[in-house]
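S.K.: sequence and predicted model, in that order:
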Amino acid sequence: MNIPYGRQNITEEDIQAVVETLHADYLTQGPKIAEFETAFASYVGAKYAVALSNGTAALHLCCMALNVGPGQKVITTPITFAASANCVKYCGGDVAFADIDPSTYLIDIAQVKTLLEASPKGTYAGIIPVDFAGRPVNLEELRALADEYNLWIIEDACHAPGGFFTANNGTQQNCGNGHFADLAIFSFHPVKHIASGEGGMITTNDENLYNRLLELRTHGITKNASAYKNPVAIAVGDENTNATEYPAWYMEMQELGYNYRITDFQAALGISQLKRADWGLAKRREIAKKYNDAFKNSDFVLGQSGDVHGHAYHLYVLEVKNRLGLYNYLRENKIYAQIHYIPVHLMPYYATQGFAKGDFPKAEKYYEHCISLPMFPTLTSQEQDFVIEKVKEFYHG
């Protein structure tokens, strides 16, 4: 019996949805993409959604849509997958990190404030907070700080579809709903809540950003005749034409975009998976509660994900003594726990950008002890009991 840290759940309904799309007229750029976008926007409570090839593409296009470029600085957390920072570098911008809050593992808003106060206004362009492990950042609090310094926010919600925090007025604020962040991004990698093989999504409430993202997703090309810049004669290919309308074939590449499109059959799988999203989220929270109860007050636990209202539990993280020993012991017992994450600033590439060990001590201390236990909706009670048994066995025999 192998127990991975995460696993996709593909049902016969999922398979049938893909097969039906494979038999349909479109493999890509077809109706399933728009259907998926509409359904996902409704799920998180946003006005608009743009489906893409993966979450990294989503981050990249967000930075492009917000005009990140050379000389601009963007703040993010060192405890995340490298893409949360790399997207800024793709656009020629500079990355700054703010240390984490050890009690939440999220970017510490107080540290962000300190960073902003240490430089003249205008030094930083934006913030990319990460809903790490599925725990939502309090974007209401971060938005107030961003507004003070005229910053945009890209919410990296890859871990948190279905997650939420409670605003000061008592309302539930879903991750990605666009009420506080300018843009939010999601991933549909196989270990995520919703799997489409690969895939990503951007959500927003800003119509202008939405329209620009649609063009950037497809090479920077528009088919909107009202936005064309060339005269009809160039479009027709005849300087002597009497035509006054653009021909049906015509399109314009108005800026440098990318091919970041998702396929119709991936979108079909995403639609089918989305129908089970609430079930999957409930199972994750049930699994998390069992871990909470099992490891509460354990002498080898230095910190844990805990019972957090609104947590989406993509990951269940423990901070433990002798992490390497536990990791190896679990592998010997075919339990494939994982480590999330090596702090981004410790990656050799970021060392070339001026970062070094010791820069963000709270993130580094977290990394010394963190381990992600198996967490996926189809994890059985017996499998979870086995994981818990082996963790305790390692420490107490």
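M.R.: Thanks, I have the structure now. Please read all numbers here as calculations on a predicted model, not as lab measurements.
S.K.: mind listing what's buried in the helix ranked longest in the chain?
M.R.: The longest helix of the chain (DSSP state H) is helix 277-295. The neighbour-count check on helix 277-295 (16 or more other CB atoms under 10 Å) flags 277, 280-281, 283-285, 287-288, 290-291, 294-295 as buried. The C-beta positions use only the backbone N, C-alpha and C, and glycine is treated the same way.
S.K.: could you do stretch 120-135 as well?
M.R.: 124-135.
S.K.: okay, now the domains of the protein?
M.R.: In terms of domains, the chain is parsed into 3-219+257-276, 221-253, 278-396 (source: automatic domain parsing).
S.K.: of the ones you listed, flag the one that's most buried.
M.R.: Scoring the domains of the chain by mean neighbour count under mean count of other CB atoms under 10 Å gives domain 3-219+257-276 as the most buried, with a mean of 20.
S.K.: just the endpoints, please. Distance across it?
M.R.: Terminal residues of domain 3-219+257-276 are spaced 22 Å apart (CA to CA, to the nearest Å).
S.K.: any chance of CSV for the buried residues of stretch 120-135, columns secondary structure, distance to F386 and pLDDT?
M.R.: Listed next are the buried residues of stretch 120-135 as CSV, based on DSSP: H, G, I helix; E, B strand; the rest coil; distance: CB to CB, whole Å; pLDDT from 0 to 100:
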residue, secondary structure, distance to F386, pLDDT
Y124, strand, 47, 98
A125, strand, 48, 98
G126, strand, 44, 98
I127, strand, 41, 98
I128, strand, 37, 99
P129, coil, 35, 99
V130, strand, 31, 98
D131, coil, 29, 98
F132, helix, 27, 98
A133, helix, 22, 98
G134, helix, 23, 98
R135, coil, 26, 98
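S.K.: the strands in the stretch 51-200 of the chain, which residues?
M.R.: In the stretch 51-200 of the chain, the strands defined using DSSP state E, counting those that start in this stretch lie at 73-76, 94-97, 124-128, 152-156, 164-166, 172-174, 183-187, 200-204.
S.K.: what's the first one in contact with?
M.R.: Among residues not part of strand 73-76, those counted as contacts by CB atoms under 8 Å, 6 or more residues apart in numbering are 63, 68, 84-85, 88, 93-98, 107, 112, 115, 123-130, 156, 344.
S.K.: please tell me how far L66 sits from N242.
M.R.: Look at L66 and N242: by CB to CB, to the nearest Å, they are 43 Å apart.
S.K.: still on that earlier bit, possible to save the strands of the stretch 51-200 of the chain as JSON lines with distance to Q353?
M.R.: Listed next are the strands of the stretch 51-200 of the chain as JSON lines, based on distance: least, CB to CB, whole Å:
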{"stretch": "strand 73-76", "distance to Q353": "12"}
{"stretch": "strand 94-97", "distance to Q353": "7"}
{"stretch": "strand 124-128", "distance to Q353": "16"}
{"stretch": "strand 152-156", "distance to Q353": "19"}
{"stretch": "strand 164-166", "distance to Q353": "32"}
{"stretch": "strand 172-174", "distance to Q353": "34"}
{"stretch": "strand 183-187", "distance to Q353": "23"}
{"stretch": "strand 200-204", "distance to Q353": "25"}
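S.K.: please enumerate the helices of the stretch 201-350 of the chain.
M.R.: 207-217, 232-236, 264-274, 277-295, 323-332, 348-351 (DSSP state H, counting those that start in this stretch).
S.K.: phi, psi of V308?
M.R.: In terms of degrees, to the nearest 10, the main-chain angles of V308 are phi -120, psi 120.
S.K.: surely it is in contact with R135?
M.R.: Yes: using CB atoms under 8 Å, V308 is in contact with R135, at 5.7 Å.
S.K.: that older thread, and the buried residues of stretch 120-135, which is closest to C370?
M.R.: Of all those, C370 sits closest to A133, with 9.7 Å by CB to CB.
S.K.: wait, doesn't the closest one sit right on Q338?
M.R.: No: counting by CB under 8 Å, Q338 is not a contact partner of A133; they are 11.6 Å apart.
S.K.: overlap in contacts of these two?
M.R.: Shared contacts of A133 and Q338, defined by CB under 8 Å, 6+ apart, comprise S372.
S.K.: any idea how far the residue of the chain positioned farthest from its centre lies from A233?
M.R.: For the chain, the largest distance from the centre (CA atoms, centre = their mean) belongs to N240, which lies 51.6 Å off. N240 sits at a distance of 8 Å from A233 (criterion: CB to CB).
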